[in-house]
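J.: This is the structure alone, sequence omitted:
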């Protein structure tokens with residue numbers, strides 16, 4: 001689906017229409033509250049989450065329906081009742097919607113999981129959040145959404161697109177512009193970030209386009225584990241139809257955009273995915289992140305005054321030589337490779353599993369390419385598939401390895417949503433062109449293992465799956481593991497199903513020519529499916545490291561570094577002092593920045609060194625003749641600073 005309408009908008013002003021009503025109820029399985037009861041205060045709808053790095057895991061959430069009672073919010077009375085809509089509230093959000101209660105519950109859950117990370121991007125908390133909530137409006141259709149904008153702002157939103165934030169209304173509006181739940185969730189998170197900026201600063205337009213859309217595209221690129229109610233944000237490299245990373249890299253391959261082009265902000269040459277990629281460039285390196293935060297805070301404090309001129313001035317003052325920064329940008333982009341490329345309709349992502357709708361529009365299969373050549377040795381890259389892996393599935397797939405003489409990959413195949421129907425599996429030797437020519441290995445209707453090499457002038461083999469393996473699949477929620485090995489003269493496929501210790505196996509093979517084997521080893525592979533809703537979890541050796549314990553709190557940054565806030569205070573103090581900054585302050589800031597992406601031991605050592613060195617640096621700052629008071633205040637504030645990590649207080 002195309003991502004359109006992701007923007008903060010200034011509509012035409014107009015008179016609104018007030019629709020009255022006051023029937024308050026406790027929603028979501030609770031008893032009905034008495035008519036006329038007050039809207040529950042934010043403290044009456046608590047949320048408890050564990051923030052571990054970029055991942056939030058839900059522990060408990062309270063959501064209530066208030067029917068037509070409008071909760072106190074940031075719209076200053078502009079958002080009103082719309083016929084057919086009802087209100088629901090969580091800790092920080094109020095949603096007005098004509099969608100079912102379950103959808104309101106989901107939207108508020110996603111919003112609360114993202115909340116601590118949104119705060120970190122904007123850098124400030126909206127005033128009055130202990131008394132008011134931010135407003136999300138969700139219409140069941142475009143026409144429904146336009147009815148809502150008419151009651152709220154006196155106009156009907158004239159464009160299509162799934163999401164828009166009106167900063168003058170202090171409200172974010174969404175409707176289901178496509179069938180993918182991932183896309184809808186992405187839009188909710190995206191628009192909520194626009195909304196937070198508007199509630200904090202008063203306008204979305206006090207910052208340039210590359211901030212406005214850059215932070216929203218970068219943060220909302222996410223992975224959601226539905227079973228564990230776990231959301232990971234700021235993901236760079238992941239699959240699904242919505243893949244701004246892949247789109248941006250392809251745009252950059254067609255024409256490289258320089259740092260100066262981003263600073264100039266020409267919307268004719270910049271897109272959402274491009275500014276999202278630029279933002280991830282800033283966020284994925286500790287030194288650049290500290291400078292980005294400084295740039296954000298200094299520019300945001302100016303309230304939009306002489307925006308373009310001040311933006312350029314601050315970029316040059318903070319980052320130094322922009323040509324040198326551009327060299328870093330060029331090298332960073334050249335080193336990046338999207339692991340996944342969407343080919344044909346349509347894929348959801350739930351955790352690390354891809355769910356296919358199975359109705360291709362232009363190719364034989366619903367297909368997502370996997371850009372991990374089998375003849376390439378896997379090397380750890382923290383930016384590759386930078387979301388929590390689900391863990392080993394050796395029982396059903398076995399070890400996987402790339403770069404060996406006989407590389408092996410696998411996938412977990414899930415037929416649970418349509419047993420005995422359609423097909424799903426993997427493809428090899430994929431070319432990035434249409435029509436595709438590749439070797440397809442798949443399980444058909446859960447009963448036939450197929451290896452089809454006819455498009456590469458090979459043969460095709462189809463083998464009936466034994467009854468014992470089919471029974472083992474049925475007993476294990478209609479799942480099977482598929483393991484594929486590229487041997488010297490053949491491609492071998494093996495299915496496994498059943499409980500540990502009682503696994504049933506069945507295999508097939510197809511002879512390879514030398515040229516076909518070279519094609520399979522050097523080219524991308526793919527996840528394929530057709531004729532139904534199938535789950536495919538690709539298991540390719542990418543040297544990913546096991547996920548940390550996400551049930552334990554950790555600082556909300558990519559490196560899980562407890563000293564990020566202290567580091568930023570050092571950088572701000574150095575900025576305030578300029579050339580007068582003492583050497584001790586500069587050295588301490590440099591050490592903390594360098595330690596940020598180190599291992600746990602290095603990070604702890606840096607924190608200990610910070611505690612021991614800060615008093616001396618503070619004395620040196622006070623001894624300067626520069627604006628030392630503000631710099632000293634930064635250091636004192638950073639001395640005890642801790643980013644929100646887990647179970648935020650009622651006002652993070």
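T.: Cool, got the structure. Everything numeric in this text was worked out from a predicted model, so none of it was measured.
J.: in what helix or strand does residue 102 lie?
T.: helix 101-122 (DSSP states H and E).
J.: what is the rounded mean pLDDT of that helix?
T.: In this model, helix 101-122 carries a mean pLDDT of 98.
J.: How about stretch 349-358?
T.: Here the average pLDDT along stretch 349-358 is 93.
J.: ok, residues contacting that stretch?
T.: 179, 182, 223-228, 238-240, 345-348, 366, 368, 387-390, 412, 414, 417, 422, 424, 527, 529-538 (Cβ atoms under 8 Å, 6 or more residues apart in numbering). For the C-beta atoms, the positions are set from N, CA and C on the backbone; glycine is no exception.
J.: If we use 7 Å, what do you get?
T.: 182, 223-226, 238-240, 345-348, 366, 368, 389-390, 422, 424, 527, 529-537 (Cβ atoms under 7 Å, 6 or more residues apart in numbering).
J.: filter these to the buried ones?
T.: 182, 223-225, 238-240, 345-348, 366, 368, 422, 424, 527, 529-537 (16 or more other Cβ atoms under 10 Å).
J.: Narrow the residues you listed to those in strands?
T.: 223-225, 347-348, 366, 368, 424, 527, 529-530, 534-537 (DSSP state E).
J.: Please name every helix or strand in contact with the helix or strand in which residue 593 is found.
T.: Applying DSSP H and E as the criterion places residue 593 in helix 583-595. Where contact means 3 or more Cβ pairs under 7 Å, 6 or more residues apart in numbering; DSSP states H and E, helix 583-595 is packed against helix 286-301, helix 564-577, helix 600-622.
J.: Quick one: closest of the ones you listed to residue 219.
T.: Across the helices and strands packed on helix 583-595, residue 219 has its closest neighbour in helix 286-301 (13.2 Å, Cβ to Cβ).
J.: Which positions within the helix or strand that that closest one is followed by qualify as buried?
T.: Using DSSP H and E, the next helix or strand after helix 286-301 towards the C-terminus is helix 307-319. For helix 307-319, a neighbour-count test (16+ other Cβ under 10 Å) marks 307, 311-312, 314-315, 318-319 as buried.
J.: Show me the domain layout of the chain.
T.: Domain ranges of the chain: 7-202, 204-233+244-337, 351-539, 561-652, per automatic domain parsing.
J.: which of the helices and strands packed on helix 583-595 sits most buried?
T.: helix 564-577 (a mean of 24; mean count of other Cβ atoms under 10 Å).
J.: tell me the mean pLDDT for that one?
T.: For helix 564-577, mean pLDDT is 95.
J.: Give the residue spans of this protein that score low on pLDDT.
T.: 1-36, 391-394, 626-627, 640-652 (pLDDT under 70).
J.: Check the burial of residue 143 by counting its neighbours.
T.: Neighbours of residue 143 under the rule other Cβ atoms under 10 Å: 10.
J.: After the helix or strand where it lies, which helix or strand is next?
T.: For residue 143, the host element (DSSP H and E) is helix 142-153. Sequence order places strand 163-166 as the next helix or strand after helix 142-153, per DSSP H and E.
J.: counting contacts, what elements does the following helix or strand past that following strand pack onto?
T.: Using DSSP H and E, the next helix or strand after strand 163-166 towards the C-terminus is strand 171-174. If contacts are counted by 3+ Cβ pairs under 7 Å, 6+ apart, strand 171-174 sits against strand 134-138, helix 142-153, strand 163-166, helix 181-201.
J.: switch the cut-off to 10 Å
T.: strand 93-97, strand 134-138, helix 142-153, strand 163-166, helix 181-201 (3 or more Cβ pairs under 10 Å, 6 or more residues apart in numbering; DSSP states H and E).
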